[in-house]
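Asks: Here is my input, please return the structure:
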Amino acid sequence: MTVKRNFFVIINPVSGNGHGKRVWQKIQPKLNLYYNITFCFTSHQNHEIDITHEALKNGHKHFIIIGGDGTLNNFINGVFSQQNIDTKSITFGIIPIGTGNDWVKTHGISKNINKALDIIINNKTNTQDVGCINYLNKNIQNKYFINLAGIGFDGLVVNIVNKNRTFGKLTYILGAVKGLFKYHFFETRISLNSEVITSKACFMIQIGICKYTGSGMQLTHLANPKDGLFDITIATSFYKWDIIKNIFKLFNGKIVKLKHVKTFKTKRLVIETSNKNTYFQADGEQIYSGKIEAFILPNAIQFYS
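Replies: Numbers count the residues shown, from 1 in each chain. A predicted model of the protein is given here:
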């Protein structure tokens, strides 16, 4: 007789405009056929971090996340902000039901609930890098990300989107349009690969592990989640008309070929910004701004794919 493995399921009931609870009710009977299931619903912002800490303390190593990129990001922060269990021994699968679902696009994980569940049941695992953001001038706990972090325009869009996700997949496009009328250039100093890059009119900085952000935008050039390197995009002097006439290039990846855009590969970088109102985001979640060091944790997490 095959012994069932123990799985801990974290469900965001409001993810996907309230779709999370219904998805859980649909897949729970099938999960019970294969695994011993413990589950918990999130009830407030960042609750996934506390749930993950408690589950790991209780010896759980296998997780299923039912939610979107934000739910996954909080789980990752829960994993990497604890010392009870070696992070490389933890595995997770995801049933993607969020607004953007950008991380799963890189790995070809289906947004179809049954197909995503079958990926977990098939028990084939993969690994990828994880990014860490260390605040150098503030007493703030490190932040971790698994997809992409950004500073500037896309951070502003995340701020707008997180206030209202009513329009589903159109939410990010509408957020970008609103952002056109609110964004401001910021002054920055970036240190990477023994090089210092300065700009008084920075529009956006992207720190990529995976390929997609903002519900399908491609703002990095050669993102590879397993190469131990960030894919960096720095865009400067982008005015409203520049964005409007190049809007489709945000989604097909050609934005990185424009003359005001530079791309780099690096394991580590330090970013300083002068404008206190500059927005920072990681995996579509707004985070604190400040002087940061970002560095890569190579092949640091296992997942089902």
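Asks: For the nearest residue to Ile232 once chain neighbours are set aside, which residues are in contact?
Replies: Distances taken as CB to CB, 6 or more residues apart in numbering put Phe264 closest to Ile232, at 4.2 Å, once the chain neighbours are dropped. Yep, even glycine has a C-beta here, placed from its N, CA and C like the rest. Phe264 sits next to 192-193, 231-232, 234 when contact means CB atoms under 8 Å, 6 or more residues apart in numbering.
Asks: Next, the buried residues of the longest helix seen in the chain.
Replies: In the chain, with assignment by DSSP state H, the single longest helix is helix 20-34. Residues of helix 20-34 classed as buried: 20, 23-24, 27, 31 (neighbour count, 16 or more other CB atoms under 10 Å).
Asks: Now it: average pLDDT?
Replies: For helix 20-34, mean pLDDT is 93.
Asks: Please identify the buried residues of the one helix or strand in the chain whose mean pLDDT sits lowest?
Replies: Ranking every helix and strand in the chain by mean pLDDT, DSSP states H and E puts helix 171-180 at the bottom, with a mean of 76. Of the residues in helix 171-180, those with enough neighbours to count as buried (16+ other CB under 10 Å) are 171-173, 175-176, 179-180.
Asks: circling back to that earlier point, and the buried ones among the contacts of Phe264, selectable in ChimeraX?
Replies: Buried residues within the contacts of Phe264, by 16+ other CB under 10 Å, are selected in ChimeraX with:
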select :192,231,232,234
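Asks: nearest to Ala300, of the contacts of Phe264?
Replies: Closest approach to Ala300 among these (CB to CB): Asp231, at 16.8 Å.
Asks: partners of that closest one in the sheet?
Replies: Note on Asp231: beta-bridge partners by DSSP bridges are Gly208, Lys265.
Asks: Send me the longest helix of the chain as CSV with only the CA atoms.
Replies: Output in CSV follows, covering the C-alpha atoms of helix 20-34 (Å, rounded to 0.1, in the frame of the first residue of the first chain):
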residue,chain,number,x,y,z
GLY,A,20,-10.3,31.0,-4.6
LYS,A,21,-12.9,29.4,-2.3
ARG,A,22,-14.8,27.9,-5.2
VAL,A,23,-11.7,26.5,-6.8
TRP,A,24,-10.8,24.9,-3.4
GLN,A,25,-14.2,23.2,-3.1
LYS,A,26,-13.8,21.8,-6.6
ILE,A,27,-10.3,20.3,-6.3
GLN,A,28,-10.4,19.2,-2.6
PRO,A,29,-12.0,15.8,-3.2
LYS,A,30,-9.4,14.9,-5.8
LEU,A,31,-6.5,16.0,-3.6
ASN,A,32,-7.8,13.9,-0.8
LEU,A,33,-7.5,10.8,-3.1
TYR,A,34,-3.8,11.3,-3.4
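Asks: Please enumerate residues in contact with the helix or strand just after that helix?
Replies: Counting by DSSP states H and E, the next helix or strand C-terminal to helix 20-34 is strand 35-41. The contact list for strand 35-41 (CB under 8 Å, 6+ apart) reads 4-13, 20-21, 24, 28, 31, 51, 55, 60, 62.
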